[in-house]
Structure formats: C-alpha cells, structure tokens
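>>> My questions concern the predicted model and sequence given below.
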Amino acid sequence: MNIMERYDVIFHELDLNVERTSTYISGSVTTLAKSKVFKLDTFMFQLHASLILDSVLGAKNQKLNFVRLTDVALVLLDSSYALDQFLQVKIYYHGTPPSGASAAIGNGFSNKASPTYANQITWSLSQPYSAYEWWPCKQSLQDKIDSVFISVTTDSTNKVGANGLLKSITSRPNGKSTYRWETRYKMNYYLVMVTVGQYTEYRAYAKPKQIADSILIQHYIYSNPKAYTNNVNSINATVPLLELFSDLYGLYPFYKEKYGHVMAPFSGGMEHQTMTSLGVMDFGIVAHELAHQWFGDNVTCATWKDIWLNEGFATYSEYLAAKYLTAASNTTTVLNSMFNDAKKSDGNVYVTDTTNVNRIFSSDITYNKGGSAIRVLHYLLGDSLFFKVCRQYQTQNANGNASTFDMNQLVNQLSGKNYNYFFSQWIYGNGIPSYTVKWNQIGSNFILAVEQSNTADPSNLFQLPLPFLIKSTAGDTTIYVQQGEAKNMYNFNIGRTINSIVFDNDNWILKYASLSKDATLSGIEDLFTNNGIRIQPNPASANVYVSGNNLLHAQVSLYDIQGRLCLSTILNGNGTLECSNLNRGVYIAIVKSCDGLVHKQKLVLE
Ligand SMILES: [Zn+2]
C-alpha cells in the first residue's frame, strides 16, 4: 500500500448511476491529488476485483494505461509529477460490488427492502475497509479528503442521500434525475456515502448558542408514512441532541453544511459525515451517531487500534444524552446496560489485531468497555476538566486524527497530572476490578477494609479513589479512599453512628463489588512485628502470657482501638498479663524490651 502514500488526496468527484433495485453501479470518480514525492509517475488506487475498470483519463482527457493487480490498479501517468504538483485522474468503472459482508455491518454496498416498511434501498457502508468495494479510492485514515462532490443519477421516483449540501436536482431523459451533493469539510474515505430509495424529506433547524445562524437537520425517512409516525420522537430529539453536544463538546463541527439522517435496512447506524445512515432510529442510536460527528468524523482515530476513541465516546455520549435529556430511571438503565455489556468483555480496549473487523467493532470491548473506561476518566477528572478535555481534543485535532497517546498527553497536559496509569490499566490493560469491601465501627472509629482483584489479569491492579457514602442520622457524607494495592485498610475518626454505607453511590466505576459489615474488623488486622516476642493465647479470655528473649525490664502496654492506654506494666522476664478485668474487644499490644526491640500486635479479648 505504500505507493499510495506517494500522493495526498485533495478532492474527489463521484459521478454515479445507482438505482434502488440493485447494487449495480456505474460511473466515474475523478481524483485530484498532490504529489508527495519528487517524481510521481505511477498513481495507485484501490478497487475491488469484482468491479470492472473501463478506462482511466488524465487531466486533458487523454487515456492513461493501467494494470490491475487483484484489488488495486496502477496507472501510468502522462508525465512525472514533482513534489507538491497536482495531478488528476478520472476513473470509469462499473459492475456489481461483492457481498462478502466484510464491512463493520454487512457489505460495502447493499440492496434490500426494509422488512417493516417495505421500502427497497441501495446504500453504502464502508467502515472500515470496504469503500473500495463500490468506488475507486485510497483507504488511508490519515489522508482526509479536502472536499468531495457526489452526483448520483437515478430514477426520478428516488431520492439520493449523501454528504454535505444538496446543491441541485437535475432532470435527465428517461425519467431520471441527478442529485448533486457537495461537502467542503475534510472527510475520511470510509465516511463518503450514497443512499438511494424512496424517501420523504423532513427538515428541522438546530440553534446551538455559539452561532447566530441555525443548522439544517435533514431527515430522509422511508416514504411509507408509518416510518415517520413510528420514529417521530427520535426525529424530534435530533435538535436538542445537537444543541446538547454543541454545549458539551463544542459547536457541531460541520455547522456550515448540515446534519442528516437517511434510513436504510441494516441493523444499527453509521455515522457518515453530515448524513448518518440509520437502520434503527431510537434515541440512543441517534445520540450515538450524532456524537460521532465530533468523535470519529471531525477527529478520527489515528489507526484502527485507537477505535475506542470513536466508539467509546459515542457510547458514553448515549449515557450523557440520557442524563441531560431523559428521566433518571432511563439514565440508570442506559448506564447499567453499558456496564453489563462491558462485563462480558475479554480483551484490551486498545486493539492489537486490526485485520479482525469483528474485534475492531467488538460491542463488549470497544464500545461498552471503552465507554465505561471513559466514564472512569470522567470521574477522575471531574465535570469541568473532563469536558474541557473533550472540547480541546476537538479543536486541536479538528479535521484530523488522534491516537490513544494523543489523548493521554492531552489529559496530562490539561490536568497538570500524570494519568498514564489510567490508560495503562483501562485501555492497554485487560480486566475489570472486583472489590470485596468490609466495614465496621468501633466507638467513633470507622474501619474499612478493601480487597481488589482483576477479573482477567492479576497483575493489572486498578488505582482509583473509591467513594463511600456514609449514612447516619447526623447526615450523609461521602469519603474517598485511595485504593492501589490488592488489600488496603483505612481508619477514620467519624464521630457519628453509621447506619449504613454505600460503595460508589453514583455508579462511576465499572466493577464487581460486595459490601458487608464485619463486627470482627478492627483496622489493625495486619499489625504484627515479632522480634522474637510472643503474646499468647490470642484471642484470650483472661490471662495472656508474654514470652521471648530479653524481656527483663520490658515495658508492656495495651491500647484500645480508640488509642486509650488500658494497661501498662513492666515485666521481669517472661510473664503474665492479668486481663480479666479489661473490657472485651480489640487491643493493640506493644512490648518494648530494654535493649530497644519493639513488638506490636493485635490482641483480642473475648
Ligand atoms: Zn459508533
């Protein structure tokens, strides 16, 4: 593929013939490109072997020779193009695209009747590697096309949806019309789209507060009237959603053109730039695909390894949309659904095998674990900093690409802290934290013991501040403990009687958790130094025997869990402590021998 990196795509003009009745396609694609090398004499592009390449013309309409090698073609240019020199090729082709279901959802180019509404539709869906199945192109994530014009001639009973602005509909002989769409925003090869079918158009206007003008929302809904009535709520939700995301992430990136929906009978949605294709039209999917206009289209993942930056943010945006625009009960449902699917994940969010399309678009790993990880990042950063990161990510990478590393750098830079551990634990690392939490209250002392494990990778322990809501008749309060080890024990002087505690009351953290009150928990479970000194029996009911080396003139002290001294004595060698008149409970016993050795341990009287 390296030969294709010798040029930069500036502009495409697609001039196609497509009907709603089959996937047969014919026409031409003109490419304007700029040489990136000192001598460019060969122009390589991708086109699936099942499509017939009719001819290739140069800028002066002269025929150029070409060779096909399976799914690519090499064109011998009319001259050698110097660095930064522009060249133009026009490729005529026709045929029936393949049906190997190699795209993220189905084929690159499909035809089917909607089972619910009967409308028969021809549509494209190129992500990640299937654009070349229906048009000659360069499938490079890094080489965004500066502008694209799309003309489609079809039966006049059809409408054609595509990217950008609809510039004209021109009547042709034999009952045909040509729809001409133009976009002048940079766009990835996989976001170029056409959809052909019988549609009714509905228009609305969104009004984000950053601009005085309004933004056209153009819906191409199946001409069957039931398609409108069944989806009217989602159609109407598009305006407030676009305004919400403009608030959260910055102004809708393609505000000079439009945002659109076009229906096609596939399962799901596809965030084609300025014209999303929708097989399903519920609130969540409308929010998801719209959020992609920021995360995916304006800023595209640098490589398919970084796809969580597209899909994780779009999935988390479904939650944010629910939170800001729907009832609390629905928000909880959306959040739990994301967490539950993330719990089925097995694998690192960061993709290592980009040849596996199913893995790239794994719902459990890329979408839901990715979205859940972003929720943890939101929790770590807090609202203000999290959305600042989102907006800065959009502006500094606008019309371009960003990698996981770029996001990590941005988070570090804007927070002034090092969040590399978050990326290594949640994005590059595998597994989900599982917590066993026990708590107890002794006097005013609140004791919390937290054990964590990782469901998939024991070496990947999560470093997080864990929130606990403490409920008491004196009022509720939230305390945070920093958990980084497999086992952590915390002691707080709480000064109130605790009725109950709730771990992660706002459901920030993707996790498994169990929580219980443990009356035997003292907070000093791990306390044990030895230095050859023993205190036995433990637990004890009455007398305790202290033995060891050099206990002559040794000082023995017993403190209760509140830190009060309850017994103090000097030993004359091995000896006995009379404990029967002390309260039953947990004590810290400290023995200091005359030569300076110290022994501390937990002692339970029962
Ligand atoms: Zn998506």
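Sure thing, it's come through.

>>> quick one: secondary structure of Gly371?
Of the three states, Gly371 takes helix according to DSSP: H, G, I helix; E, B strand; the rest coil.

>>> That one and the ion, how far apart?
10 Å (CB to the ion, to the nearest Å). For every residue, glycine as well, the C-beta is placed using N, CA and C.

>>> Phi first, then psi, for the nearest residue to that residue once chain neighbours are set aside.
Among residues not flanking Gly371 along the chain, Thr315 sits closest, at 3.4 Å (CB to CB, 6 or more residues apart in numbering). The phi/psi pair for Thr315 (degrees, to the nearest 10) reads phi -70, psi -40.

>>> ok, Thr315 - contacts?
Neighbour list for Thr315: His288, Met338, Tyr367, Asn368, Gly370, Gly371 [criterion: CB atoms under 8 Å, 6 or more residues apart in numbering].

>>> what's the answer for Leu582, then?
Counted by CB under 8 Å, 6+ apart, Leu582 has contacts Leu558, Cys566, Leu567, Leu605.

>>> pLDDT value on the residue nearest to Gly371, please?
As predicted, Thr315 sits at a pLDDT of 98.

>>> Leu527 too?
Leu527 is given a pLDDT of 68.

>>> just to revisit the earlier point, so can I have JSON lines of the contacts of Leu582 showing neighbour count and distance to Leu14?
As requested, those are exported to JSON lines (neighbours: other CB atoms under 10 Å; distance: CB to CB, whole Å):
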{"residue": "Leu558", "neighbour count": "21", "distance to Leu14": "86"}
{"residue": "Cys566", "neighbour count": "16", "distance to Leu14": "86"}
{"residue": "Leu567", "neighbour count": "17", "distance to Leu14": "89"}
{"residue": "Leu605", "neighbour count": "20", "distance to Leu14": "85"}
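
>>> Assign the closest residue to the ion within the stretch 351-500 of the chain to helix, strand or coil.
When scored by CB to the ion, the stretch 351-500 of the chain has Tyr367 as its residue closest to the ion, at 6.9 Å. Taking three-state DSSP as the rule, one finds Tyr367 in the helix state.

>>> these two touch, right, it and Gly312?
Yes - Tyr367 is within contact range of Gly312, at 6.9 Å (criterion: CB atoms under 8 Å).

>>> residues in contact with the closest residue to the ion within the stretch 201-350 of the chain?
In the stretch 201-350 of the chain, no residue comes nearer to the ion than Ala314, which is 4.3 Å away by CB to the ion. Ala314 sits next to Glu271, His288, Glu289, Ala291, His292, Phe295, Gly296, Tyr367, Gly371 when contact means CB under 8 Å, 6+ apart.

>>> can you tell me which of the residues you listed are in helices?
Of the contacts of Ala314, the ones assigned to helices by DSSP state H are His288, Glu289, Ala291, His292, Gly371.

>>> Let me know the secondary structure of Asp78.
strand.

>>> For it, give its distance to the ion.
To the ion, Asp78 is 42 Å away according to CB to the ion.

>>> what are the phi and psi angles of the residue lying closest to that residue once chain neighbours are set aside?
Of all residues not flanking Asp78 in the chain, Gly58 sits nearest, at 4.7 Å (CB to CB, 6+ apart). Main-chain torsions, Gly58, degrees, to the nearest 10: phi -90, psi -170.

>>> Go ahead and confirm Gly58 touches Phe86.
No - counting by CB under 8 Å, Phe86 is not a contact partner of Gly58; they are 12.0 Å apart.

>>> neighbour count winner among those two?
Gly58 (17 against 14; other CB atoms under 10 Å).

>>> Shouldn't Asn233 be within a helix?
Yes - Asn233 forms part of a helix when assessed by three-state DSSP.

>>> roughly how far apart are it and Phe45?
Using CB to CB, to the nearest Å, Asn233 is found at 43 Å from Phe45.

>>> One more: Asp383?
Asp383 sits 46 Å away from Phe45, taking CB to CB as the criterion.

>>> swap in Leu571?
91 Å.

>>> Those two: who's more crowded?
Neighbours were counted for Leu571 and for Phe45 using other CB under 10 Å; Phe45 has more, 26 against 20.

>>> Am I right that that one is in contact with Trp135?
No - Phe45 lies out of contact with Trp135 (CB under 8 Å); the separation is 9.8 Å.

>>> Get me the contact residues on the stretch 251-400 of the chain for the ion.
Contacts of the stretch 251-400 of the chain with the ion, taken as CB under 5 Å from the ion, map to Glu311, Ala314.

>>> What strands line up against the helix or strand containing Ile590, and which way round?
Ile590 belongs to strand 585-592 when assigned by DSSP states H and E. If you go by DSSP bridges, strand 585-592 pairs up with strand 552-560 (antiparallel), strand 598-605 (antiparallel).

>>> and these as a markdown table, adding mean pLDDT?
Formatted as a markdown table, the strands paired with strand 585-592 follow (pLDDT from 0 to 100):
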| stretch | mean pLDDT |
| --- | --- |
| strand 552-560 | 87 |
| strand 598-605 | 85 |
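
>>> Please name whichever of those strands is nearest to the ion.
strand 598-605 (53.4 Å).

>>> List the buried residues of stretch 552-564.
Ala554, Val556, Ser557, Leu558, Tyr559, Asp560, Ile561 (16 or more other CB atoms under 10 Å).

>>> residues contacting the first one?
The neighbours of Ala554, taking CB under 8 Å, 6+ apart as the test, are Val546, Ile570, Leu571, Val591, Lys592, Ser593, Cys594.

>>> Just name the closest of the residues you listed to Arg584, please.
Ranked by distance to Arg584 (CB to CB), the contacts of Ala554 are led by Val546 at 19.8 Å.

>>> on contacts alone, who are the packing partners of the helix or strand hosting that closest one?
For Val546, the enclosing helix or strand under DSSP H and E is strand 543-548. Contact analysis of strand 543-548 by 3 or more CB pairs under 8 Å, 6 or more residues apart in numbering; DSSP states H and E lists strand 533-536, strand 575-578, strand 585-592 as its packing neighbours.
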